[in-house]
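**Student:** I need the structure of the sequence given here:
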Amino acid sequence: MAEGRGQPKPSGSHYTNVVECRHHPGAPLIEDHAAGDMICQECGLVVGERVIDVSSEWRTFSNDNTSADRSRVGATENPLLDGGELTTYIGTVATKPGSPDNSASFSQWQKKGMSATDRGLVNAFKDIATMADKLNLPRIIVDRCNALFKQVHEEKHLKGRANDAVAAACLYIACRQEEVPRSFKEICAVSRHPKKEIGKCFKLITRQSNPILCTPVTSSDFMSRYCTNLQLPTSVQKAASHIAKKAVDMDLAPGRVYLSVAAAAIYMASQASDLKKTQKEVGDVVGVADSTIRQSYRLLYPQRDQLFPKDFAFSTPLESLPKH
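**Tutor:** Residues are numbered from 1 along each chain as shown. So this is what the prediction gives:
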């Protein structure tokens, strides 16, 4: 590389801020970001040194250095936590030679600097995110559930209850509020607590927290998802929804929960189509025992001619449907 430094271009008795090679005016310059130099592309003359880089300084805050998620700031502010997570705590952890990375230890020190309230909220928000991920729920439901959990946590109506059980109940409520309901069995499947404990938390939240409203759950709310999982066509799904609604209107299955009525309706509609499903197949998807489907189906069977929609294309006549 040629030695020497470029000079600013004179203009009368004044100097301009134009930086260019004195031997090749107008030649393009190459910027060496590491050294901060401007180099002439033609002869290699360094025409500017220690140049300040005014472009965006992107940084990544993830553990994975190959991550494309870059930001000029830290993590997004969480309005549900006191202080918006903007406080920084630094803890010194003694290390031994050859010991593994202490990033987890620093994370523990970070949590120790948080208040007990924020620490409980952070743990609950992680549980909610994990459960929502297992149920393939969208972000809008997670946000609603987080806000609901914070409201319940501040009202202190459920003191003494496990936070993860309260979080599971809040997730169940958030799904109903967003009109994508999940059954208690589905919530329990991704939680560490039984249905009885989550049900108690649900009742306490809806009775004591104000105002928390839930839309009523019907059998039709689950038809689309269950029929899709059973690979049934739209015509069978519509028929099953019609059967379940008529069964409720006619009060054919008093005392039966909506899941058992939904399972019986799906079984009846599939048996009348060319894609027949067994009670076990329906029960595995819906989460209902074969005997429960059989009992609910027996209640619907006598009125089968009034349950199907008029435009349904029968592959199996009503007279040939199984009696149980």
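**Student:** tell me the secondary structure for M38?
**Tutor:** Following DSSP: H, G, I helix; E, B strand; the rest coil, we place M38 in the strand state.
**Student:** Check the burial of the residue nearest to it when sequence neighbours are not counted by counting its neighbours.
**Tutor:** Distance criterion CB to CB, 6 or more residues apart in numbering; nearest residue to M38, sequence neighbours excluded, is G48 at 3.6 Å. (Glycine included, C-beta is placed from N, CA and C.) Neighbours of G48 under the rule other CB atoms under 10 Å: 18.
**Student:** Ok, Q177 next?
**Tutor:** By other CB under 10 Å, neighbour count at Q177 equals 17.
**Student:** Please look at it and C214 and confirm they touch.
**Tutor:** Yes - here Q177 reaches C214: they are 6.4 Å apart, a contact under CB atoms under 8 Å.
**Student:** picking up where we left off before, what does the residue nearest to M38 show for phi and psi?
**Tutor:** G48 adopts backbone torsions of phi -160, psi 140, taken as degrees, to the nearest 10.
**Student:** Kindly give the local confidence score, pLDDT, for it.
**Tutor:** For G48, the model assigns a pLDDT of 77.
**Student:** pretty sure it is in contact with C21, am I right?
**Tutor:** No - using CB under 8 Å, G48 is not in contact with C21, being 10.0 Å away.
**Student:** what about the strands in the stretch 51-200 of the chain?
**Tutor:** 59-60, 70-71 (DSSP state E, counting those that start in this stretch).
**Student:** mean confidence score for the first one?
**Tutor:** I take that to be strand 59-60. 56.
**Student:** Then the last one?
**Tutor:** The predicted model gives strand 70-71 an average pLDDT of 54.
**Student:** where in this protein is pLDDT low?
**Tutor:** For the chain, the stretches flagged by pLDDT under 70 are 1-17, 33-34, 50-116, 209-213.
**Student:** domains for it, by residue range?
**Tutor:** 10-48, 116-208, 220-320 (automatic domain parsing).
**Student:** returning to what we had before: please report how far the residue nearest to M38 lies from H242.
**Tutor:** 77 Å (CB to CB, to the nearest Å).
**Student:** And P302, by the same measure?
**Tutor:** 17 Å.
**Student:** who has more neighbours, the two?
**Tutor:** Shown here are P302 and H242; by other CB under 10 Å, H242 has more neighbours (20 against 10).
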